[in-house]
Every structure is written in C-alpha cells, then in structure tokens.
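>>> Sequence and predicted structure, then a few things I'm wondering about:
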Number of protein chains: 2
Amino acid sequence: MEYETPLFFRVMQYADEADRDVVDMVSGNPDWEPPTALRAGLREYADRDPDAFQYPASEGLLELREEIAARRRVDVEQVIVTNGAGEANYLAMARALERDRGDEILLTDPVYPYYPGKTTMLGGTQRYVATDESGQLEPAAVREAASQETAAIVVNSPNNPTGAVYPESTMAALVDVAEAYDAILVSDEVYDHYDLSGRFTSALGFDSDHRIVTNAFSKSMAITGFRVGYAIFPPGLVADAKRRHMLVNVAGSRPAQTAVLHALRETGPDYYDRNRKLLADRVDTFTDALEAAGADYTEPQGSFYVMARFENFPGTLENTFRLVDEAGVAGMPGNAFGDSRTDWLRFALVTPRLEAAADRLAAYFE
Amino acid sequence: MEYETPLFFRVMQYADEADRDVVDMVSGNPDWEPPTALRAGLREYADRDPDAFQYPASEGLLELREEIAARRRVDVEQVIVTNGAGEANYLAMARALERDRGDEILLTDPVYPYYPGKTTMLGGTQRYVATDESGQLEPAAVREAASQETAAIVVNSPNNPTGAVYPESTMAALVDVAEAYDAILVSDEVYDHYDLSGRFTSALGFDSDHRIVTNAFSKSMAITGFRVGYAIFPPGLVADAKRRHMLVNVAGSRPAQTAVLHALRETGPDYYDRNRKLLADRVDTFTDALEAAGADYTEPQGSFYVMARFENFPGTLENTFRLVDEAGVAGMPGNAFGDSRTDWLRFALVTPRLEAAADRLAAYFE
C-alpha cells in the first residue's frame, strides 16, 4: 500500500514473459483511437517554427487553460495544466499538507495505490475509511474519521478500482466535512467521461475554498502517454501550487499540450459517447462471463474496471500469476488496492480481446 | 533569490507590452532549427497505433534510456528520463536531502535561480560560494564552505549566467569534496553541447557514488518546450529517485520522448557543430558591440549568455525596464542571479536579431 514496488509493472512483466498468449487486463490504457483532431494537431505542430518548440508558459498554454476554464466555468487563473493527473494530485496533496492544518490524509479502502505513495513521499500519514462492498463511501464514516489532524480527503469518482460513482449527496457531504475541519477535498475526476450511471457529480458543482479538482485528458482522449492533465485550485491556494509546479517541472510538454488543445476544440460529443458505449458493452460481456463462471463481481457505474471474486481463489499475486499461466488472462491482485479487497482481482476492460478473456475465465472457473 | 516571482516572466511581459520594437534577450530559448529528424520523428509518431499513445515506462522509453546510457557509458539502470533538466535537478536535490546527511545545499553566487528555489521547496537551506569575476569556482572555497551539514553541491558548467566552463581540475576537486563530506555533487550539464572553450569536463568522467549528472535535450536540440531531460544516478541512489519520479509525474510525455529518440539516432555531429559555431559568432558580434559601448563584459566559454556592466547603469529591474524602453533591448537584471552581480545585466544570445541589439546597445551607451 506504500507503493514500494509498482505491482502493475511486475504483473505486466510476468504476462509479457509468459510462454502462452495472455490477454492484458492489467492497467488502464485505453485501446481505442484518440480523437482524429489529436493526430492532426500533432502533425501540424511538427511543422511549426522553432519558437513553437520552446517553453510554454509554466502553468500551461494560455489557450488550453482558457478552454479548460470555459468548460469547467472557473477563472482561468485557477487552472494549472499538469503532467497528467498524477502531477495534479501531487500538487493538490502537497498544497493541502503545506497549509499546516494537520498531516493526515483521509483515503478510501480500497484505494488507488498512488495516493498512499504520494502521502508518504510528502511527509503525511494515511488514514483509511472503508467503502461498502459496492465501493460507495459513507459520508458519516468520513466525518467520523476526520479530525483537526486532517489535511485532505482524497477521493476518486468514477472510482478506480471499484467502479463506484458517488452521488451528489456524497460529494456535497465531503465538501462539508472538508470545510468543517479546515481540510481540503481533493477530487480526482479523471474518469468523468466514463460515467455509465448518469449520476456523476463533479466537486466543482459546490462552491468552496476547500476543494481542489484534478483531471486529465489521458483517459478521455485515450492518451495516457501524453501526460496532459490539470488541477483547479481555489483562488487562495493556486499561487503556491503554481510555484511548486514550476520548481518541479518548469512546464509540461508543449507538443502534447498543443495536440490536446486542438483535439479539445475540434472533437464533438460523438467521440466521447462512442467510447463510453463501447465500455458499457464490454461491462455487459465481461460480467456475463463472470456470472457464467459463478464469480462475485462489481457492476461498475463508471471507470474501466470490474472486480471479481472467484471461489477458493483469493486475489493474491500468486493467483494473479497462476491466472496468467493457466487461463491466459492478466489482472491485478486485489491486495494492491488495500486490505479490504484481498479476495478480489481487478480487470481493466481496455482490450479489444475482451471476449476472449471472458471466455477463458468462464472456461477456467466453471 | 528564493524564486518568489519568476523575474523572467516579468521582464518578458514588460518587453511584450512596450510601445516600441524590442529585441528579446531575456530567456534561453534557442531560435535555431531543431534537428530535421526531430520533426520527422514527431510526424511518424502522430500516425502510430493507439498503443503507442499510452504510458511509456515510468523511467523513460527503454530505447531512449539505452541510447543515453551507451553515449554516456553508464548502466541503463542508472538513467531516468525526466521532464527536462528542471525535474532532473529536482530529483537529484531531493535525493541528496533524503539521505539525511545534512540539509545544506552549496550553491554558487551568481546562481541559476531555480536552484535556491528548489532548495527551499525541499526543506533545505542555501549556502553560497562566490565565484571569481569570470565565474570560475575555486575548489578551496567550496571545501571551506563544506561541512557535515552539506547535503549537496550543485554546479552548472557551462554556466548560466556567467558562461564559465569549469576545468577538469575543478570537477575532480568538487567530486573529492562531495566524497569527503559524504555529500552529493549535482552537476547540471545542460549546456554541454555549447562548450566554446574545448575544455568542458563532465562529472561522469570521475567514478564516484557521490555525484549525480543532470542534462536535457532542451538546449542541444533547441526544444526547451518538449521537456525531455535525464539524470544519471549512482546505482545505490537511483531506486528512490525512480520512485519519486513515478509518484510525482508517473512518466514523461511520450510524443516528446519518441521524437527525441529518433533525433538522437539520426542526427550527426554537423547539427551540433553548426549551432555551436553560430553561438561563437554571436559572442564575437555582441562582445565587439559591448567593447564599442565601453562596457565591461564576460567572454563566455560556453552556454548562451554574456553579462555586461555599463557605467552608472546598475543591473536593477528598473534599469532593465529602462533599457527596454530607451534602447529596445531586453536583458535580465543581474540581481536575479545573486548578490554578486547586481551591477550587471545578462543577455541571452538566442535571437536572430543579435546584430540589431548589439548596434542599439552600442548607440545607447556610447
């Protein structure tokens, strides 16, 4: 849970080295096309004058920040373009801890493992709040765990790994708890375009000086390798975050920012709808197979992931390796995400060979 | 000196808003062409399959790390591809401070202002060692300033802003001091391709567990906006630095890394020679004009910068603005780089209009 060895990479490496064909359902890399305009934006950029190849503004290309600010209805000064959601979360958590209002970070169990890793790196301590079996977070439990020691509450909806989407009432309550304890709600909304429930609520919907929203184009545009994300800070917290961003990275990569800007302007809702529908179909296909295999499973309301529990087959690293060798399917062991899901495995639905994987699992466990 | 307000941006903004034509000699953005193969690499990347758009390895594309390792004659495991030299220096300084062998960072005066800024952000304290008038660093002075409190010694050769290139004897002595005090020499060598003296010596030439070398393709390939750099760590220090890199940024931007890899493989020495010669010619042109203007000036042995001192015209921000308005030339105030150069202005020789700027300065001060 401290993100010592990146478990993702160990599993992917094991799957790569297997003697047999393996369907990779390990990490959340979309397998679908990026927007056409993204490729066009990159091609056009490649032909530009040398001055377009030099430092962008540290906080991001102004036009990209303006485009984000207009869509999210915030002041452009609140927006920092980051090196993906990873840096956005790092800046947000660092900013919360720098306020010296406690050094505890409230996290959910199960948890996306980068959050506890960042917490330790930044000198904070983790405190976990268990979600229910479906991944929903009970605001009362968060309130009970919060104290004067709470620097931040970090949540992710739609959620990796549970697929939970928090309702408006949960988001409202989390903002309230952050305000009550003078803490910061960090709301990582990187899967917002993959809400299958229709009830996704951004933390931006609640006006507060106590919440930071992080996001990226990594998932929505199928470009996890471009590293273009953003954070939206309250006006009073943004200057220090910009300084940290500058001192760590100087700026984000300009070809990637330029391509994203072009894609953001030129891509209509059809693109996002199509991918969301593809994902919804895959959820059906995969959960049908899990049903046939007699497994317990989550029905994701959003994000890319299904968690499954097979009889007498706990979600250990050993069993993950065994599934690679014996079934030809690579998932993630549940214990990578916290103590509460050690019986489970997580499967990322981002492979064109999803049906083959589903068939293999059904055959293996039936 | 704490990098509170980025002075670069204030001066550039002032120059942009001036009523007259201004030659920008503020920041170190090359104005020459990137390698042809860099543009080609970016175009080819734009057409690749979606899987090429997903996360690269956290520590950088393996082929790029191998290419760097082969050129620098180090083990590939020692190489981390970073978001420019900025992140490389951040990782190096953080790693030095994490060793808990003191919290003092030895810096030169004059200094590249990001170094003191990073020091403060990382919880360290600055201690300055004055260079001589030409920018050379006396190893005895460093040895005298070093103590059990010294976590790192951060140097930059070829140097920004002085243009000094440290001889082999200095580099050897700095490694010795780092070893003697169980500190880390961080050698930022981002201007290595712009050594005009022929005596540049990389810290990699000295086998030691006490030095980290940072570099980038930003200046050598004229792509400061791509954000592709690297750090070479001693084997015993690299794992923790990789973890920090992953927890802060996940990975660097893949289109940029791919284009740099292609350019690195396909670009011969002619490209680098041509730009170095261009720079040498510009040094001559510009220092001739300073001579005609009766100014004191540095004769850079490398990097992009000339420092000049004009009679009764100290290097304040006010005088920098005055030079914009009255002469049409924008430089940087010397006090941005430390207490020792408050009488001086720094000019970056990275504009095609260098002769016009030289003429304007000669006319203004004659």
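On my side now, so go ahead. If you're wondering where the values come from, they're calculated on a predicted model, not measured in any experiment.

>>> Geometric centre of chain A: which residue is closest?
Central residue of chain A (CA atoms, centre = their mean): A:V190, 4.8 Å from the mean position.

>>> thinking that residue is in contact with A:V213, fair?
No - between A:V190 and A:V213 there is no contact under CB atoms under 8 Å: 10.4 Å. C-beta: built from backbone N, CA, C; applies to glycine.

>>> Mark out where each domain of chain A begins and ends.
Structurally, chain A divides into domains by automatic domain parsing as follows: A:7-34+A:269-365, A:54-266.

>>> For chain A, which segments count as helices?
Assigned by DSSP state H, the helices in chain A fall at A:7-16, A:36-46, A:62-72, A:84-98, A:114-121, A:139-145, A:168-180, A:238-249, A:254-266, A:269-292, A:317-327, A:354-365.

>>> could I get the ones you listed as TSV with mean neighbour count?
Shown next, in TSV, are the helices of chain A (neighbours: other CB atoms under 10 Å in any protein chain shown):
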stretch	mean neighbour count
helix A:7-16	17
helix A:36-46	20
helix A:62-72	16
helix A:84-98	26
helix A:114-121	22
helix A:139-145	15
helix A:168-180	19
helix A:238-249	20
helix A:254-266	24
helix A:269-292	16
helix A:317-327	17
helix A:354-365	19
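
>>> Select, out of the ones you listed, the one closest to B:A69.
Nearest of the helices of chain A to B:A69, taken as CB to CB: helix A:7-16 at 19.4 Å.

>>> Mind checking the pLDDT average for the closest one?
The predicted model assigns helix A:7-16 a mean pLDDT of 86.

>>> what's in contact with that helix?
With contact meaning CB atoms under 8 Å, 6 or more residues apart in numbering or on different chains, helix A:7-16 is reached by A:22, A:24, A:26-27, A:113, A:317, A:320-321, A:324, A:330-333, A:336, B:57-58.

>>> Quick one: residues contacting the nearest residue to A:T150 once chain neighbours are set aside.
Distances taken as CB to CB, 6 or more residues apart in numbering or on different chains place A:A183 nearest to A:T150, at 4.3 Å, with adjacent residues excluded. Listed by CB under 8 Å, 6+ apart, the contact set of A:A183 reads A:96, A:101-102, A:106, A:146, A:150-153, A:177, A:210.

>>> can you rerun that using 10 Å?
A:A183 sits next to A:96, A:99, A:101-102, A:104-106, A:146-153, A:177, A:210-211 when contact means CB atoms under 10 Å, 6 or more residues apart in numbering or on different chains.

>>> A:N275 contacts A:W32, correct?
Yes - using CB atoms under 10 Å, A:N275 is in contact with A:W32, at 5.6 Å.

>>> re earlier: ok, the residue nearest to A:T150 to A:E189 distance?
Separation of A:A183 from A:E189 (CB to CB, to the nearest Å): 18 Å.

>>> what does A:E355 give?
Taken as CB to CB, the span from A:E355 to A:E189 is 30 Å.

>>> how close does A:L7 sit to A:L137?
To A:L137, A:L7 is 23 Å away according to CB to CB.

>>> Now for A:P234, how many residues are close by?
16 (other CB atoms under 10 Å in any protein chain shown).

>>> oh sorry, the question was meant for A:E33
The number of residues packed near A:E33 is 16, by other CB under 10 Å.

>>> List the contacts of it.
A:39, A:221-222, A:271, A:274-275, B:49-50, B:53.

>>> coming back round to it: can you pull the residues that touch both of A:V190 and A:V213?
Common contacts of A:V190 and A:V213 (CB under 10 Å, 6+ apart): A:A88.

>>> Out of the contacts of helix A:7-16, which one has the lowest pLDDT?
A:S27 (87).

>>> State the phi and psi torsions of that one.
In terms of degrees, to the nearest 10, the main-chain angles of A:S27 are phi -110, psi 170.

>>> Ok, the one 4 residues further on next?
With angles defined as degrees, to the nearest 10, A:D31 sits at phi -110, psi 0.

>>> how far away is it from A:E355?
Distance from A:D31 to A:E355, counting by CB to CB: 13 Å.

>>> do the same with A:E33
The gap separating A:E33 from A:E355 is 19 Å, by CB to CB.

>>> What of A:Q257?
A:Q257 is 37 Å from A:E355, by CB to CB.

>>> quick one: low-confidence ranges for chain A?
For chain A, the stretches with pLDDT under 70 are A:1-5.

>>> Can you tell me how far the residue nearest to A:T201 when sequence neighbours are not counted is from chain B?
Nearest residue to A:T201 in three dimensions, chain neighbours excluded: A:E168, at 4.3 Å (CB to CB, 6+ apart). For A:E168, the distance to chain B (CB to the nearest CB, to the nearest Å) stands at 30 Å.

>>> got the contact list for A:E168?
Applying CB under 10 Å, 6+ apart, the residues near A:E168 are A:199-202, A:205-206.

>>> closest to chain B among the residues you listed?
Checking those against chain B by CB to the nearest CB gives A:S202 as the nearest, at 22.3 Å.

>>> hang on, isn't the closest one packed against A:D188?
No - with contacts counted by CB under 10 Å, A:S202 stays clear of A:D188, the gap being 11.0 Å.

>>> Between those two, which contacts overlap?
By CB under 10 Å, 6+ apart, the residues touching both A:S202 and A:D188 are A:157, A:213, A:215.

>>> Tell me which entries of these lie within strands.
A:213, A:215 (DSSP state E).

>>> Which of the shared contacts of A:S202 and A:D188 sits closest to chain B?
Taking CB to the nearest CB as the measure, chain B lies nearest A:N215 of the shared contacts of A:S202 and A:D188, at 14.5 Å.

>>> from what I can see that closest one touches A:S157, true?
No - using CB under 10 Å, A:N215 is not in contact with A:S157; the gap is 11.8 Å.

>>> more neighbours, the two?
Neighbour count, other CB under 10 Å: between A:N215 and A:S157, A:S157 has more, with 32 against 26.

>>> dump the residue contacts of that one.
Shown in contact with A:S157 (CB under 10 Å, 6+ apart): A:108, A:135-137, A:163-167, A:170-171, A:174, A:187-189, A:191-192, A:195, A:199-203, A:301-303.

>>> Same check on A:L185?
Per CB under 10 Å, 6+ apart, neighbours of A:L185: A:92, A:96, A:106, A:142, A:152-155, A:171, A:174-179, A:203, A:206, A:208, A:210-213.

>>> hmm, stretch A:323-341 touching chain B?
No - using CB under 10 Å from any CB of the partner chain, stretch A:323-341 never reaches chain B; the gap is at least 14.6 Å.

>>> Report the buried residues of that stretch.
By 16 or more other CB atoms under 10 Å in any protein chain shown, the buried positions in stretch A:323-341 come out as A:323-324, A:327-338, A:340-341.

>>> so how far is it from its chain's centroid?
On the basis of CA atoms, centre = their mean, to the nearest Å, stretch A:323-341 sits 19 Å off its chain's mean C-alpha point.

>>> can you check stretch A:358-366 too?
Relative to the chain's own centre, stretch A:358-366 is displaced by 28 Å; criterion: CA atoms, centre = their mean.

>>> what do you get for stretch A:96-109?
19 Å.

>>> One more: stretch A:104-116?
Centroid displacement of stretch A:104-116 relative to its chain, using CA atoms, centre = their mean, is 12 Å.

>>> what about dumping the CA coordinates of that stretch to PDB?
Taking Å, rounded to 0.1, in the frame of the first residue of the first chain, the C-alpha atoms of stretch A:104-116 are listed here in PDB:
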ATOM      1  CA  GLU A 104      -3.300  13.200   7.900                       C
ATOM      2  CA  ILE A 105      -4.700  12.300   4.500                       C
ATOM      3  CA  LEU A 106      -8.000  10.500   4.500                       C
ATOM      4  CA  LEU A 107      -8.100   7.800   1.800                       C
ATOM      5  CA  THR A 108     -10.700   5.200   0.900                       C
ATOM      6  CA  ASP A 109     -10.100   1.400   1.300                       C
ATOM      7  CA  PRO A 110      -9.900   0.200  -1.500                       C
ATOM      8  CA  VAL A 111      -7.600   2.900  -2.700                       C
ATOM      9  CA  TYR A 112      -5.800   3.800  -5.900                       C
ATOM     10  CA  PRO A 113      -2.200   3.000  -4.800                       C
ATOM     11  CA  TYR A 114      -0.600   6.200  -5.900                       C
ATOM     12  CA  TYR A 115      -2.400   8.200  -3.200                       C
ATOM     13  CA  PRO A 116      -0.800   6.500  -0.200                       C
END
